[in-house]
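Colleague: return a 3D structure for these sequence lines:
(one chain, ligands or ions: 1)
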Amino acid sequence: MPYYRSVGEVPRKRHTQFRQPDGSLYAEELMGQEGFSSDSSLLYHRYAPTAILAADEFTPPAFTRAPNLPLKPRHLRTHKLDAGSADPVLGRQYLLANDDVRIGYVLADRPSPLFRDATGDHCLYVEAGTLRVESPFGVLEAVAGDYVVIPTSTIHRLVPTGEQPVRLLAVEASGHIGPPKRYLSVRGQFLEHSPYCERDVRGPDTPLLVDGEEVEVLVRHRRGWTRYVYANHPFDVVGWDGHLYPWAFSIHDFEPITGRIHQPPPVHQTFQGPNFVICSFVPRKVDYHPDSIPVPYNHHNVDSDEMLFYTGGNYEARRGSGIEQGSISLHPSGFTHGPQPGAAERSIGADYFDELAVMVDTFRPLDLCDAARNCEDDGYAWTWARRG
Ligand SMILES: [Fe+2]
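Modeller: Numbers count the residues shown, from 1 in each chain. Presented below is the predicted three-dimensional model:
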């Protein structure tokens with residue numbers, strides 16, 4: 001997605017004869033976005049990527065969605081959702097959702113099925129553990145702190161690889177996720193004021209060839225879910241090139257933008273999606289004006305719901321609120337939020353914040369899913385009014 005890559009063997013000219021050792025043609029596939037008017041890649045398969053043997057309707061795990069009523073700031077404790085054995089795709093417990101984005105959480109200890117989401121890109125944040133992302137583009141290894149962006153319709157399998165299960169926050173878009181446009185040149189190069197650049201981005205670098213026949217692939221598509229049986233394993237690509245592929249970026253490579261006085265929230269933006277943004281709050285030197293107040297002012301993001309996932313360090317503005325590792329706060333449009341009582345005064349003189357958090361701000365309201373109700377801290381809404 002961010003820049004051109006070429007992996008494995010590809011012919012010198014696109015759309016020309018490219019033959020296998022037995023003399024037959026490799027099956028060329030163009031995978032492209034926005035009606036082939038945007039990013040694309042060309043993949044060379046050993047087998048026809050079209051050969052399916054069966055198709056059945058599939059019923060995925062169900063979840064409910066209900067409006068945030070009465071309108072309240074919410075605190076969700078994701079680690080309270082830890083269940084038994086789960087896979088990183090079907091085991092996701094959805095917390096918050098609207099028509100643009102679904103946000104789920106999973107503690108996963110076993111590989112997912114082969115899965116294709118034809119409805120949008122996924123951005124996975126690895127809170128803990130290690131994960132291998134397998135796809136026709138190759139393998140991408142991810143560790144704690146990594147974001148992994150998986151483009152729409154990429155058949156993939158997620159494999160926890162460590163001794164401990166992997167903890168994932170999954171942001172699933174109804175559309176495409178990429179770097180903020182303002183950080184890119186007209187031709188797509190990261191600009192000098194971007195908090196990250198090409199050197200921080202990783203992609204698959206060798207082909208992944210899996211032998212096998214008659215393999216199942218689950219597909220989420222625009223009108224439901226279908227289970228296909230493919231005649232050949234889809235990881236049969238000997239080479240590909242283009243700008244469209246799964247990629248990873250570590251939150252620890254995000255260079256914070258700091259200043260003498262409090263910097264506005266957009267400086268933390270890391271990705272943009274359809275009607276939402278993803279931001280990173282990372283350890284950083286804080287505001288250094290002699291009279292600065294390092295924690296944020298009370299604010300009302302009037303067109304957005306703000307979801308914040310606390311994934312490391314100490315989040316200074318939330319001290320005393322019950323927020324812990326793995327917590328999610330939801331501060332919706334229609335409610336003014338700000339630091340907990342005493343936090344502004346306490347922050348004066350601080351020169352460093354050791355905090356790590358992932359924020360998703362959505363332009364449309366986020367509904368609460370049943371898993372959110374199951375891990376909610378009911379007292380959070382009243383923590384600003386504590387007396388004494
Ligand atoms: Fe906020």
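Colleague: what residues does Ile323 make contact with?
Modeller: Ile323 is in contact with 75, 310, 315, 329, counting by Cβ atoms under 8 Å, 6 or more residues apart in numbering. Every C-beta, even on glycine, is put in place using the N, C-alpha and C of the backbone.
Colleague: how far away is the third one from Asp378?
Modeller: Relative to Asp378, Tyr315 is positioned 20 Å away (criterion: Cβ to Cβ, to the nearest Å).
Colleague: ok, now Glu127?
Modeller: Distance, Glu127 to Asp378, using Cβ to Cβ: 24 Å.
Colleague: so for the two, which sits in the more crowded spot?
Modeller: Taking other Cβ atoms under 10 Å, Glu127 and Asp378 do not tie; Glu127 has more neighbours (23 against 9).
Colleague: after the helix or strand hosting the more buried one comes which helix or strand?
Modeller: Taking DSSP states H and E as the definition, one finds Glu127 inside strand 122-128. Following strand 122-128 in sequence order, the next helix or strand is strand 131-135 (DSSP H and E).
Colleague: mind listing what's buried along that following strand?
Modeller: 131-135 (16 or more other Cβ atoms under 10 Å).
Colleague: stretch 9-17 now?
Modeller: Across stretch 9-17, burial judged by 16+ other Cβ under 10 Å covers Val10.
Colleague: just how off-centre is it within its chain?
Modeller: Centroid displacement of stretch 9-17 relative to its chain, using Cα atoms, centre = their mean, to the nearest Å, is 33 Å.
Colleague: show me where this structure has its helices.
Modeller: Per DSSP state H, the chain carries helices over the ranges 343-347, 370-374.
Colleague: contact partners of stretch 338-348?
Modeller: Outside of stretch 338-348, the residues within contact range by Cβ under 8 Å, 6+ apart are 286, 292-299, 316-321, 383-384, 386.
Colleague: mind exporting that stretch as PDB, just the C-alpha atoms?
Modeller: What follows is stretch 338-348, C-alpha atoms only, in PDB (Å, rounded to 0.1, in the frame of the first residue of the first chain):
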ATOM      1  CA  GLY A 338     -11.100  15.900  29.800                       C
ATOM      2  CA  PRO A 339      -8.500  14.900  32.400                       C
ATOM      3  CA  GLN A 340      -9.600  13.300  35.600                       C
ATOM      4  CA  PRO A 341      -9.900  15.500  38.700                       C
ATOM      5  CA  GLY A 342      -6.400  16.700  39.800                       C
ATOM      6  CA  ALA A 343      -4.600  15.500  36.700                       C
ATOM      7  CA  ALA A 344      -4.000  19.000  35.200                       C
ATOM      8  CA  GLU A 345      -2.400  20.400  38.400                       C
ATOM      9  CA  ARG A 346      -0.400  17.200  38.900                       C
ATOM     10  CA  SER A 347       1.000  17.200  35.400                       C
ATOM     11  CA  ILE A 348       2.600  20.700  35.700                       C
END
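Colleague: perfect, I'm done here.
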